[in-house]
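Asker: coords please:
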Amino acid sequence: MINRIDIEKFIACKNDAPIFDVRTPAEFEHAHIPKAINLPIFTNDERAKIGTTYKQIGREEAILLGFEITGPKWRTFIETAKKYVSNKKLYVHCWRGGMRSGAMAWALDFYGFDVTIINGGYKQYRNWVLQQFDNKYLFKVLGGKTGSHKTDILKEIEKLEEQIIDLEGLANHLGS
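Answerer: Modelled structure (predicted):
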């Protein structure tokens, strides 16, 4: 059975399973969900060809072309997923959570994976991220003299899964 999850619930899962982004390599390279693994159902050129077919001939012909293109690839998709998945659970998404993620989810589910499609795909994730800029956040500054173990304290806070900004670490030296 293929499950679906809203972006807010997905974010709350804290990366409890691999995330497969089935968009093209170009789409993935442009932007992707952190820690996502690109498992492109189509190459950049294949997607362009399908898009042209969709616009010029129609949906059904584009779907048939998609099946023709992906037919020989399904074994590789399954074998690639197996390399990353330890407990059968995984997430799949495309741009909007539509045909590409649906097709990949069907194949992975049919093989035996516990598949969850991220509703709305990367587009919904991107919108969620942009909405976060409207939120108010509480920032606390940790200061002190050299040798006062500020970095050690930050590392302990990070172990508690709290977000930190380690300016000294980002600067790649001990004094920032």
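Asker: dump the residue contacts of the residue sitting furthest away from the middle of the chain.
Answerer: No residue in the chain sits farther from the centre than Lys145, which is 40.2 Å out by CA atoms, centre = their mean. Applying CB atoms under 8 Å, 6 or more residues apart in numbering to Lys145 gives no contacts. Backbone N, C-alpha and C define where each C-beta goes, glycine included.
Asker: Can I take it that it is in a strand?
Answerer: No - under DSSP: H, G, I helix; E, B strand; the rest coil, Lys145 falls outside any strand and is assigned coil.
Asker: Helices of the protein, residue ranges please.
Answerer: In the chain, the segments counted as helices under DSSP state H are 7-12, 25-30, 44-56, 59-70, 74-84, 99-111, 121-132, 150-159, 167-170.
Asker: For the second one, what is the distance to the chain centroid?
Answerer: What it means is helix 25-30. Relative to the chain's own centre, helix 25-30 is displaced by 12 Å; criterion: CA atoms, centre = their mean, to the nearest Å.
Asker: try the third one
Answerer: Its chain's C-alpha centre lies 23 Å from the corresponding centre of helix 44-56 when counted by CA atoms, centre = their mean.
Asker: hmm, back to that, deepest in the core, which of the helices of the chain is it.
Answerer: helix 99-111 (a mean of 20; mean count of other CB atoms under 10 Å).
Asker: Output the contacting helices and strands for the least confident helix or strand in the chain by mean pLDDT.
Answerer: Across the helices and strands of the chain, mean confidence by mean pLDDT, DSSP states H and E is lowest for helix 167-170: a mean of 83. Counting contacts by 3 or more CB pairs under 8 Å, 6 or more residues apart in numbering; DSSP states H and E, helix 167-170 is packed against helix 150-159.
Asker: Which residues outside the helix it packs on are in contact with it?
Answerer: Applying CB under 8 Å, 6+ apart, the external contacts of helix 150-159 come out as Leu142, Gly143, Gly144, Ile164, Asp166, Glu168, Gly169.
Asker: For my notes, please list those residues in a markdown table and give distance to Gly102 for each entry.
Answerer: Shown next, in a markdown table, are those (distance: CB to CB, whole Å):
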| residue | distance to Gly102 |
| --- | --- |
| Leu142 | 47 |
| Gly143 | 51 |
| Gly144 | 53 |
| Ile164 | 38 |
| Asp166 | 41 |
| Glu168 | 46 |
| Gly169 | 41 |
